[in-house]
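Trainee: below are the sequence and a predicted model for it; my questions follow.
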Amino acid sequence: MTFASLGLIDPLLRTLDALGYTTPTPVQTQAIPVALAGRDLMAAAQTGTGKTAAFALPLLQRLTMEGPKLGSNSVRALVLVPTRELAEQLHQSFVEYGTQVPLSTYAVYGGVSINPQMMKLRKGVDVLVATPGRLLDLFRQNALKFNQLQTLVLDEADRMLDLGFADELRAIYAALPKKRQTLLFSATFSEDIRMLAGLMLDNPLSIEVSPRNVAASSVQQWIIPVDKKRKAELFCHLLKAQRWKQVLVFAKTRNGVDQLVDLLQEQGVNADGIHGDKPQATRQRALDRFKKAEVQILVATDVAARGLDIDDLPLVVNFDLPIVAEDYIHRIGRTGRAGASGQAISLVCADEVDMLSAIETLTRQTLKRIPQQDFDPLHRVPLTDASGQVVRKSKKPKKPKVIGGGKKTLGKWLESSEPSEPPIKAIRKVPVFNTGPKKKK
């Protein structure tokens, strides 16, 4: 199978040849002919399998061959994405793929001034990549018209819903012309996404080139059980012992990102961080430096789980497990891309066991546990498996000793930030808890 056999025009074929694209990936093989034919499409594929080209190439070809003259403030193709980083990445992809076709592309997103974006849109844009919130701002200020829109692309729509863009998507849907082509691409499809597709797509063809919610087989995955308070210590130990060169680290909170970056920098490690509180220019600069290997460790919240494409990134570390299980797939999908191998390590503490179970159920695999010497957790991480079962007790616990009426034992349990099973029997012997009258049965 070649790109020429998919029906692409010569200017695009020349560009692909210059970029070193020789053989289409499975998602490209199935999606490009359907998109060229003008049909609505739902496509599921693992991240890193070339789905951007699967919708960008036919979109560029259809606009080149069919499009009318572009009007003021108009857009002919709209690509909606969940994050600023993904918007910028897709814009760059359209620029690369469209070097030999006479089309204009632009990206709009929040976190930066809206005025330059309004100025840029005055002459109209053939392909506009946008985040939902900023797109609606521009539309409501009459800086954007949809009367010439031919194609809508929803990329990573599941993430848009996760980030709370459901209302914005409904408002955008109401503003778009009813007659249009709609393409929906994602690595995972939730039931909510299927409902969204039923609303926004017209009799779509559905393709799945990989099982739903399965991580790439090119990524070797395992977890290291550790107490929450020792995660940073363990990460620094592994960084030094394993001599890691370039690592993308995911933390759950913005404060968690800042604290780990500060710790690494104090130890002389070239590290940077990105999260939603940082200005867009700062976030983009950190990403660019990481891509150029000027930064060794990039710590991020899930703003980088999608939209970050780095050649040969060897390692992803989940410092914290994601709250949404699907985000685990996107996180580790930053490595092992385009057929390359990669590793994904998760540092898991006892209070993350439910998240771990959800991830294993979603991916239909039990993640291998590799304990790290000298870092065995005091608070055991219960055993889990891909069936969603959590074995919270591997054996009958010993009866806790009661010293001084139980106050000492109880105090230790209350002071612990990661409690194990509370000493129930000890608690019942503590007189201070009998403060109220007994209820009659």
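Mentor: Alright, I've got the coordinates.

Trainee: just the helices in the stretch 101-250 of the chain please.
Mentor: Under the criterion DSSP state H, counting those that start in this stretch, the stretch 101-250 of the chain carries helices at the ranges 115-121, 132-140, 157-162, 166-175, 191-200, 231-241.

Trainee: lowest average pLDDT across those?
Mentor: Confidence, taken as mean pLDDT, is least for helix 157-162 of these (a mean of 75).

Trainee: how far off centre is it?
Mentor: 10 Å (Cα atoms, centre = their mean, to the nearest Å).

Trainee: packing partners for it?
Mentor: helix 166-175, strand 181-186, helix 191-200, helix 325-332 (3 or more Cβ pairs under 8 Å, 6 or more residues apart in numbering; DSSP states H and E). Just so you know, the C-beta spots here come from the backbone N, C-alpha and C atoms, and that holds for glycine as well.

Trainee: distance to G268 and mean neighbour count for these - can I get that in JSON lines?
Mentor: Shown next, in JSON lines, are these (distance: least, Cβ to Cβ, whole Å; neighbours: other Cβ atoms under 10 Å):
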{"stretch": "helix 166-175", "distance to G268": "43", "mean neighbour count": "15"}
{"stretch": "strand 181-186", "distance to G268": "40", "mean neighbour count": "23"}
{"stretch": "helix 191-200", "distance to G268": "44", "mean neighbour count": "14"}
{"stretch": "helix 325-332", "distance to G268": "27", "mean neighbour count": "24"}
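
Trainee: would you list the ones you listed in TSV and tack on distance to A340?
Mentor: Converted to TSV, those look like this (distance: least, Cβ to Cβ, whole Å):
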stretch	distance to A340
helix 166-175	34
strand 181-186	21
helix 191-200	28
helix 325-332	13
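
Trainee: re earlier: of the helices of the stretch 101-250 of the chain, which is nearest L103?
Mentor: Ranking these by proximity to L103 (Cβ to Cβ) places helix 115-121 first, at 14.7 Å.

Trainee: give me the buried positions along the closest one.
Mentor: Q117, M118, K120, L121 (16 or more other Cβ atoms under 10 Å).

Trainee: also stretch 141-160?
Mentor: 143-146, 148-160.

Trainee: got the contact list for T253?
Mentor: T301, D320 (Cβ atoms under 8 Å, 6 or more residues apart in numbering).

Trainee: let's see it at 10 Å
Mentor: T253 sits next to Q259, H275, T301, D320 when contact means Cβ atoms under 10 Å, 6 or more residues apart in numbering.

Trainee: now do the contacts for the residue lying closest to the third one once chain neighbours are set aside.
Mentor: The spatial neighbour of T301 that comes closest, neighbours along the chain excluded (Cβ to Cβ, 6 or more residues apart in numbering), is H275 at 4.4 Å. With contact set as Cβ under 10 Å, 6+ apart, H275 has these partners: 251, 253-258, 261, 283, 299-304.

Trainee: quick one: H275 from D192, how far?
Mentor: 25 Å (Cβ to Cβ, to the nearest Å).

Trainee: again with L19
Mentor: Applying Cβ to Cβ to L19 and D192 gives a distance of 35 Å.

Trainee: same question, V112
Mentor: 30 Å.

Trainee: sorry, back to before: could the helices of the stretch 101-250 of the chain be laid out in JSON lines, adding distance to Q221?
Mentor: Formatted as JSON lines, the helices of the stretch 101-250 of the chain follow (distance: least, Cβ to Cβ, whole Å):
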{"stretch": "helix 115-121", "distance to Q221": "40"}
{"stretch": "helix 132-140", "distance to Q221": "32"}
{"stretch": "helix 157-162", "distance to Q221": "21"}
{"stretch": "helix 166-175", "distance to Q221": "31"}
{"stretch": "helix 191-200", "distance to Q221": "24"}
{"stretch": "helix 231-241", "distance to Q221": "15"}
